[in-house]
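K.L.:
sharing a sequence plus its predicted fold:
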Amino acid sequence: CARHAAATVGSTGFVGGDEAMGRISADACAAMQLHAAKYAYTGVIGVLLGRAGGDAGDDEVLGDVTISHALPIAHGRTAATATLTIALALAAHHAKSESAELVGFYAANEIATDLVPGETVKRAAEKMMDSARESANKRGSALIVLLEPRELPQLSAMRVWRQQSRARESARMEWTRASMELTPAPNLDARALAAQLLDVRAIHAIADFEDAACSPQLDWLSPPAAPLQ
């Protein structure tokens, strides 16, 4: 079955089992929800900007994470490597102008019951971590926020996934759902955002990198502002 357009933000449903807490701005939350709603018939992927606290060199601990921006990259079952590479380079440049850094990715799967991050977003996050290790000469860290659809007027639940430490250096990275709570900004008007997800004009106002590649007048680096209370 195809993925529904939307679902919950007000309460994320995360079970907090460690000290790591996540926060997401209203604008970042809205960008993810609108992107997933626009392409509800397929999967989407985007990059997350913000700040990651704690010890970034410890793959077991994400530390405090603040997500300030969500930039839509692509839609479809898979995103081409070249598309991700170019988009990430532009996103990294944009992050510096916003005094932020790349902290991970968000994604929504094509199938509503598929609640595990796909290979495309996992490989992209692993590449981001490898780049961080090389540039900073330390072990990098990244997260994946997977949008899980709920029936409207709820928004999509946001489930955080993190990487596990490799048992050995040559082993493939494993991902598990983190026991951290992703808390949206309290000024987000979730009811108004849910209404936007049913508004064709509202969801078509957001563009991802692939859209902008075809129509250069579209600005994928500046998603629409979120409705506030």
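P.N.:
Nice, thanks for sending it over. Residues are numbered from 1 along each chain as shown.

K.L.:
all contacts plus neighbour counts: C-alpha atoms, from now on.
P.N.:
OK.

K.L.:
where exactly do the helices run in this structure?
P.N.:
Applying DSSP state H to the chain gives helices spanning 26-38, 81-97, 119-136, 190-196, 200-203, 209-214.

K.L.:
single out the most deeply packed of those.
P.N.:
Mean neighbours per residue, mean count of other CA atoms under 10 Å, is largest over those for helix 26-38, with a mean of 27.

K.L.:
so what pLDDT did Glu134 get?
P.N.:
At Glu134, the pLDDT value in this model is 65.

K.L.:
one step back: could you dump the helices of the chain to TSV with distance to Pro149?
P.N.:
Listed next are the helices of the chain as TSV, based on distance: least, CA to CA, whole Å:
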stretch	distance to Pro149
helix 26-38	9
helix 81-97	24
helix 119-136	18
helix 190-196	12
helix 200-203	16
helix 209-214	23
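
K.L.:
to His69, which of these lies closest?
P.N.:
Nearest to His69 among the helices of the chain is helix 26-38; the distance by CA to CA comes to 4.6 Å.

K.L.:
low-confidence ranges, this structure, go.
P.N.:
For the chain, the stretches with pLDDT under 70 are 1-21, 53-63, 132-141, 164-173, 180-181.

K.L.:
direction included, what does the lengthiest strand in it pair up with?
P.N.:
The strand that spans the most residues within the chain, counting by DSSP state E, is strand 65-75. Applying DSSP bridges, strand 65-75 is found paired with strand 21-24 (parallel), strand 44-52 (antiparallel).

K.L.:
ok and that strand relative to helix 81-97, angle-wise?
P.N.:
Between strand 65-75 and helix 81-97, the angle comes out at 140 degrees (axes from the mean of the first three to the mean of the last three CA atoms, to 10 degrees).
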